[in-house]
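Engineer: Structure for the following, please:
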Amino acid sequence: MSETFVLVHGAWHGGWAWQPVAARLRAAGHRVLAPTSPGLAVDDDPRDVTLADCADALVDRIERLDLYDVTVVAHSWGGYVIGGAERRLAGRLKQVVFYSAFVPRAGESLRDALPPGMKTAFDELSRASGNNTVGVPFELFASSFMQDADEAAARVVCELLRPQPYRTMTDAPTADMTPSGVDVPSAYVVGADDHTLPPGEYGWVPRFPERLGDVPVVRAPGSHEALFTRPDELSRTLLDLVGLVNSA
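Structural biologist: Numbering: from 1, shown residues only. Purely as a prediction, here's the structure:
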């Protein structure tokens, strides 16, 4: 059975980041879209891009293509994007998979959900940028985001990243920009070696899956950037989750 996947990237990335996974899903016979959010395409002006702009763009893409029975996979910051879009798209969705992703709640921006040291670092980077964006220092990326790759591979990916419009991290979602109360099956996938958030109070699990209620929580091999380093395993995990929904 052919499925339709919409893959939502994380901060600093674009739809290009999903290419290794998208290629495997397409080879298995499925339709895959991987859009790039406003402000993050190579020719985009990142100034004044808001979180709502990114959610609106996702809704517009799915509605313009008149897609139904869609499995949306949201990576990292992408959880805020689908959070802002899910309520409007609910009738078109088969499932939402949060992959090492933030699950938004009303009044809490992504910045609010970060450990204190990371907040301070991002604030300083945004002030120094001159256009209210945040970049990723290579040392942080290589050690905490993509530590399961060699330095050369991590450097190639890091150099492709775009500065993130900081308003997409500091805008606090309203209640209608969260998945709370939306009747769409959800699942949570976390990288077994994801070191971007420290374990405990600020860790990915159990903090974020608990916001979704009683949902499947799956540990997949690899780091936060397993979409590059472990695409075979991540693709199989996504297909297994769709299979669970189909058999329910």
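Engineer: could you point out where the protein is predicted with low confidence?
Structural biologist: 248 (pLDDT under 70).
Engineer: Could you identify the longest helix within it?
Structural biologist: Longest helix in the chain, counting residues (DSSP state H): helix 231-247.
Engineer: Strands along the chain, start to end?
Structural biologist: For the chain, strands defined by DSSP state E occupy the ranges 4-8, 31-33, 70-75, 93-99, 133-134, 164-165, 186-191, 217-220.
Engineer: For the residue positioned nearest the centre of the chain, name its beta-bridge partners.
Structural biologist: Residue closest to the average C-alpha location in the chain (CA atoms, centre = their mean): residue 75, at 2.1 Å. Bridge pairing for residue 75 (DSSP bridges) gives the partners residue 99.
Engineer: measure it to residue 30 for me?
Structural biologist: As defined by CB to CB, to the nearest Å, residue 75 lies at a distance of 18 Å from residue 30. The C-beta positions use only the backbone N, C-alpha and C, and glycine is treated the same way.
Engineer: How about residue 94?
Structural biologist: Distance, residue 94 to residue 30, by CB to CB: 12 Å.
Engineer: Could you do residue 168 as well?
Structural biologist: Counting by CB to CB - residue 168 and residue 30 are separated by 28 Å.
Engineer: same deal with residue 53?
Structural biologist: Note on residue 53: its distance to residue 30, by CB to CB, is 28 Å.
Engineer: Now residue 132. Nearest residue, chain neighbours left out?
Structural biologist: Once flanking residues are discounted, residue 132 sits nearest to residue 166: 4.8 Å by CB to CB, 6 or more residues apart in numbering.
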